[in-house]
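J.: Structure, please.
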Amino acid sequence: MQWLQMISLYLLYFYTDVMSLSAKSIAFMFVVTRFIDGGTDLLIGYCIDHTRTRWGKSRPYFLFGAIPFALFAVLAFSVPDISQSGKLIYAYVTYIGLSFTYTVVNIPMASILPSLTTDTQERTALSTTRKFFAFLGSTVVSSTALKLVDSLGKGSEALGFRIVMIIFGSLDACYSSLPLPL
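T.: Predicted structure coming up:
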């Protein structure tokens, strides 16, 4: 997922240098969100275990979670025209939403492997292939993202980040929604 690399590499920079929030406030927000994330990981795992649909246990989460994740990714990289304290609250809401929707999409991606095959070598091959393409996508993003931000933002990093996240979010939402064989 291209947006995960954007989040990992650039969200702290975006919050501190583009939104002008204090590093101390953002560090605290990241810690708070990790505690919340620990609970949501368990919640989503529980939900997957108790899901029974025609698409299986895991597939509905990444099929229907991709669009909310893309929306939160775009919102997290947007700068509202409000006060600094309002921007901090906005950052909390969008980052917690982003972390939750990432959990909704990511945990099922890994948990679907046992339902795809019982062969451990095939599972390993599927997992390795997934990681390979994730690494490839991460490499492309890390080498091109800031160039795209500069080019598309035409001097405005805030606009550039938002446009890049709209592009990456749209691509990933479409990719995540591709049908898998049953």
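
J.: Name the residues of the helix or strand containing residue 124 that come out as buried.
T.: Assigned by DSSP states H and E, residue 124 falls within helix 120-153. Neighbour-count burial for helix 120-153 flags 137-138, 141, 145-146, 148-149, 152-153 (criterion: 16 or more other C-beta atoms under 10 Å). Using the backbone N, CA and C atoms, a C-beta is placed for each residue, glycine as well.

J.: And the residue lying farthest from the centre of the chain, how far from residue 174?
T.: Going by C-alpha atoms, centre = their mean, the residue of the chain most distant from its centre is residue 119, 29.6 Å out. To residue 174, residue 119 is 30 Å away according to C-beta to C-beta, to the nearest Å.

J.: just checking, what packs against the helix holding residue 124?
T.: helix 2-13, helix 113-116, helix 157-176 (3 or more C-beta pairs under 8 Å, 6 or more residues apart in numbering; DSSP states H and E).

J.: right, and these - which one's nearest residue 84?
T.: Residue 84 lies closest to helix 157-176 among these, at 14.7 Å (C-beta to C-beta).

J.: could I get the buried residues of helix 120-153 as a markdown table with pLDDT?
T.: Formatted as a markdown table, the buried residues of helix 120-153 follow (pLDDT from 0 to 100):
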| residue | pLDDT |
| --- | --- |
| 137 | 79 |
| 138 | 80 |
| 141 | 81 |
| 145 | 86 |
| 146 | 89 |
| 148 | 92 |
| 149 | 92 |
| 152 | 94 |
| 153 | 93 |
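
J.: I'd like those as a markdown table, with distance to residue 81 appended.
T.: As requested, the buried residues of helix 120-153 are arranged in a markdown table below (distance: C-beta to C-beta, whole Å):
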| residue | distance to residue 81 |
| --- | --- |
| 137 | 32 |
| 138 | 32 |
| 141 | 28 |
| 145 | 24 |
| 146 | 24 |
| 148 | 23 |
| 149 | 20 |
| 152 | 20 |
| 153 | 16 |
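
J.: Could you measure from the residue farthest from the centre of the chain over to residue 126?
T.: Distance of residue 119 to residue 126, given as C-beta to C-beta: 10 Å.
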